[in-house]
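> Got a predicted model here, sequence first, then my questions.
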Amino acid sequence: MDSEFDVVVVGGGAAGLWTALCAAEGGARVCLISRTPLSQSASYWAQGGLAASVEPGDSPARHAADTIAAGRGLCRPSAVEVLVDEAPAAVHDLRERGVAFDLDDDGELALGLEGGHTRRRIVHSGGSQTGHEITSKLAAMVDAEERIEVRERTSALAVWSDAQRCHGLVTESGTIASAATVLATGGAAALWRRTTNPWGAIGAGPVMAAAAGADLADLEFCQFHPTALALPGTPFDGLLITEAVRGEGATLLDASGRRFTDELAPRDAVTAAILDRLEADGTADVKLDLRDLDPARFPNVFSSLAEAGLEPGAEPVPVAPAAHYMMGGIAVDIDGRSSLPGLYAVGECSCSGLHGANRLASNSLSECFVFGRRAAAAALEEPAPAPPSRPSSWRFGPPTEETREAVWRLAGPLRDADRLYELTGDPYPLAAAIATCALERRESRGGHLRTDFPGTDHELDRVHIVLGPEGETRRCSWA
């Protein structure tokens with residue numbers, strides 16, 4: 001082996017940075033692997049905030065009820081309980097470490113409202129620059145922590161495993177042995193051609209985990225963000241326009257200029273309403289009206305739209321759904337443990353069942369901190385493995401543009417069995433796995449809309465589709 005650590009973390013976003021920091025502060029020798037410089041992670045560009053019940057009139061119980069309602073009968077109760085109970089402490093911890101969140105005139109947290117929430121509970125920084133604030137501060141903390149060795153511009157190629165236990169990681173610069181390996185590689189929404197995500201969000205973590213012998217779950221559920229900029233043929237197509245603008249009064253208009261939906265419904269409902277309107281009007285987009293908003297409240301949104309040649313203060317801007325967030329990923333328990341001993345996952349590459357069939361807005365950043373800390377604590381208890389076997393010859397390879405086109409065409413916002421069967425033959429393992437899980441769920445629920453099964457089958461409430469490493473599926477109900 002080339003090096004040895006107590007814990008190796010893959011991913012330089014919020015989940016990876018926080019997990020590495022917590023593990024090091026617990027006494028572990030940590031190696032943090034990041035394919036890009038820390039300042040270029042997907043988390044760095046995150047516009048959303050952290051959802052936490054910190055308002056006096058709010059409560060974890062209210063937050064849990066909103067999460068479960070948005071999750072459409074599929075949320076894992078224990079994961080929801082952990083998130084809502086521990087999110088307020090995570091916000092407090094970040095503030096104590098110097099993360100600057102927006103404050104109101106009284107010096108209290110300025111809480112935003114987003115779709116699916118019944119209370120103001122979204123903690124933001126710079127209006128819609130929360131990712132920039134958090135990841136830049138966390139990166140500085142990680143850099144200052146002597147127990148963490150950061151290896152930027154280094155790609156993970158495989159999980160080091162003998163199919164019985166994870167022994168560490170294979171990277172392009174050598175092997176790293178570790179008692180615990182934590183994947184925090186981000187999501188897979190860039191597998192869809194039209195996406196709000198950076199290109200690197202291609203599901204590398206789940207692909208490597210499955211190849212090593214770990215279970216995946218809920219891959220049929222991708223959340224399509226309803227308000228992605230619609231400018232086909234330009235670099236701005238798919239640009240995310242944060243949910244928070246609708247929480248402050250932005251409205252959605254059809255081709256005749258009429259408001260047609262409740263903008264603060266959960267994302268799956270707003271997306272479905274837009275798809276219905278596009279079909280009825282025969283148009284490729286609807287309009288998002290930002291004219292009543294103060295540009296100073298969302299400076300990066302307005303500046304990005306101006307850069308795209310639009311004038312959001314003068315006229316509504318075109319939007320349409322785009323792939324945004326994967327609810328599915330590496331199947332884990334509420335401490336981040338996968339089915340493969342020694343392997344953990346946190347953040348969007350994981351699937352604890354927290355989000356169910358449809359993620360409640362801004363629960364994902366809270367998830368990074370709540371479950372990242374828990375995974376770090378569990379990783380510290382991982383016993384040192386026996387001398388590892390030689391790594392297998394398998395190495396991760398990225399998808400082609402043909403795969404991205406196929407996933408959008410065959411497993412986009414609307415699906416049917418014929419198209420999903422076609423996708424099961426795709427050479428990229430995760431594309432085929434998404435189709436396999438989607439075929440198993442013969443209903444419409446949350447981010448999974450089947451035109452051949454348009455109704456919800458309540459016999460599948462709380463039922464998760466788990467995909468084994470050999471491609472076999474089974475149904476599980478997680479407590």
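Cool, the structure landed.

> tell me what the helix or strand containing Ile134 is packed against?
Per DSSP states H and E: Ile134 is located in helix 130-144. Contact partners of helix 130-144 among helices and strands, from 3 or more C-beta pairs under 8 Å, 6 or more residues apart in numbering; DSSP states H and E: helix 14-25, strand 148-152, helix 363-380. Every residue, glycine included, has its C-beta placed from N, CA and C.

> Isn't Val91 up against Ser125?
No - look at Val91 against Ser125 with C-beta atoms under 8 Å: they stay out of range, at 11.2 Å.

> overlap in contacts of those two?
Taking C-beta atoms under 8 Å, 6 or more residues apart in numbering as the criterion, Val91 and Ser125 both touch Phe101.

> re the thing from before, so for the helix holding Ile134, what's the average pLDDT?
Averaging pLDDT along helix 130-144 yields 89.

> Taking their axis directions, it and strand 148-152 sit at what angle?
120 degrees (axes from the mean of the first three to the mean of the last three C-alpha atoms, to 10 degrees).

> Format the CA atom coordinates belonging to helix 130-144 as PDB.
Provided in PDB are the C-alpha atoms of helix 130-144 (Å, rounded to 0.1, in the frame of the first residue of the first chain):
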ATOM      1  CA  THR A 130     -25.000  29.700   1.400                       C
ATOM      2  CA  GLY A 131     -22.700  27.100  -0.200                       C
ATOM      3  CA  HIS A 132     -20.000  29.700  -0.800                       C
ATOM      4  CA  GLU A 133     -20.000  30.800   2.800                       C
ATOM      5  CA  ILE A 134     -20.100  27.300   4.400                       C
ATOM      6  CA  THR A 135     -17.600  25.500   2.200                       C
ATOM      7  CA  SER A 136     -15.100  28.300   2.200                       C
ATOM      8  CA  LYS A 137     -15.100  28.400   6.000                       C
ATOM      9  CA  LEU A 138     -15.000  24.700   6.300                       C
ATOM     10  CA  ALA A 139     -12.200  24.400   3.800                       C
ATOM     11  CA  ALA A 140     -10.100  26.800   5.900                       C
ATOM     12  CA  MET A 141     -10.900  24.800   9.000                       C
ATOM     13  CA  VAL A 142      -9.800  21.600   7.300                       C
ATOM     14  CA  ASP A 143      -6.600  23.200   6.100                       C
ATOM     15  CA  ALA A 144      -5.800  24.300   9.600                       C
END
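
> residues of the longest helix along the chain that come out buried?
Using DSSP state H, we find that the single longest helix of the chain is helix 77-96. Using 16 or more other C-beta atoms under 10 Å as the test for burial, helix 77-96 gives Ala79, Val80, Glu81, Val82, Leu83, Val84, Glu86, Ala87, Pro88, Ala90, Val91, Leu94.

> Quick check, the second one in contact with Ile68.
Yes - using C-beta under 8 Å, Val80 is in contact with Ile68, at 6.2 Å.

> re the thing from before, so for Asp104, which of the helices and strands packed on helix 130-144 sits nearest?
Closest to Asp104 of the helices and strands packed on helix 130-144, according to C-beta to C-beta: helix 363-380, at 20.3 Å.

> average pLDDT for the closest one?
Mean pLDDT, helix 363-380: 97.

> elements contacting the helix or strand following that helix?
Remark: after helix 363-380, the chain's next helix or strand is helix 401-410, criterion DSSP H and E. Judged by 3+ C-beta pairs under 8 Å, 6+ apart, helix 401-410 is in contact with helix 417-423, helix 429-440.

> Could I get the ones you listed in JSON lines, plus columns for mean pLDDT and mean neighbour count?
Output for the helices and strands packed on helix 401-410, formatted as JSON lines (pLDDT from 0 to 100; neighbours: other C-beta atoms under 10 Å):
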{"stretch": "helix 417-423", "mean pLDDT": "98", "mean neighbour count": "16"}
{"stretch": "helix 429-440", "mean pLDDT": "98", "mean neighbour count": "23"}
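
> would you turn those into JSON lines with distance to Ala217?
Below are the helices and strands packed on helix 401-410 laid out as JSON lines (distance: least, C-beta to C-beta, whole Å):
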{"stretch": "helix 417-423", "distance to Ala217": "18"}
{"stretch": "helix 429-440", "distance to Ala217": "8"}
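
> out of these, nearest to Ala378?
Closest among those, using C-beta to C-beta: helix 429-440, at 25.5 Å.

> contacts for the closest one?
Residues outside helix 429-440 that contact it (C-beta under 8 Å, 6+ apart) are 188, 191, 202-203, 206-207, 210-211, 216, 218-220, 222, 328, 399, 403, 406-407, 410-411, 415, 417, 420-426, 448, 450, 465, 467, 471, 473, 475.

> quick one on the thing from earlier: right, so the helices and strands packed on helix 130-144: which one is the most enclosed?
helix 14-25 (a mean of 28; mean count of other C-beta atoms under 10 Å).

> What is the helix or strand following that helix packed up against?
Toward the C-terminus, helix 14-25 is succeeded by strand 30-34 as the next helix or strand (DSSP H and E). Packing partners of strand 30-34 (3+ C-beta pairs under 8 Å, 6+ apart): strand 3-10, helix 14-25, strand 148-152, strand 174-183.

> okay, the angle between the longest one and helix 77-96?
Inter-element angle recorded for helix 14-25 and helix 77-96: 70 degrees (by the same axes, to 10 degrees).

> pretty sure Gly309 belongs to a strand, no?
No - Gly309 is assigned coil when assessed by DSSP: H, G, I helix; E, B strand; the rest coil, not a strand.

> how far away is it from Ile334?
For Gly309, the distance to Ile334 equals 46 Å [C-beta to C-beta, to the nearest Å].

> Equivalent analysis for Asp215, please.
Taking C-beta to C-beta, one finds Asp215 at 16 Å from Ile334.

> again, but for Leu157
Taking C-beta to C-beta, one finds Leu157 at 29 Å from Ile334.

> Now for the closest residue in space to Gly11 that isn't next to it in sequence: which residues touch it?
The spatially closest residue to Gly11, leaving aside those adjacent along the chain, is Ala184, at 3.5 Å (C-beta to C-beta, 6 or more residues apart in numbering). Listed by C-beta under 8 Å, 6+ apart, the contact partners of Ala184 are 9-11, 13, 15-16, 19, 205, 345-347, 349, 372.

> can you rerun that using 6 Å?
Gly11, Ala15, Gly16, Thr19, Val346, Gly347 (C-beta atoms under 6 Å, 6 or more residues apart in numbering).

> So the second one is in contact with Phe371, correct?
Pointing back at Ala15 there. No - contact criterion C-beta atoms under 6 Å: Ala15 and Phe371 do not qualify, at 7.8 Å.

> Need the residues touching each of the two.
Common neighbours of Ala15 and Phe371 (criterion: C-beta under 6 Å, 6+ apart): Val346.

> For Tyr325, give me its contacts.
By C-beta under 6 Å, 6+ apart, Tyr325 lies in contact with Gln223, Arg359.

> Got the phi and psi for it?
Phi and psi for Tyr325, reported as degrees, to the nearest 10, are phi -150, psi 140.

> partner residues bridging it?
Applying DSSP bridges to Tyr325 gives these bridge partners: Gln223.

> My read is that Leu183 contacts Val7, right?
No - Leu183 is not in contact with Val7 according to C-beta under 6 Å; the separation is 11.8 Å.

> In terms of neighbours, single out the busier of the two.
Leu183 (37 against 28; other C-beta atoms under 10 Å).
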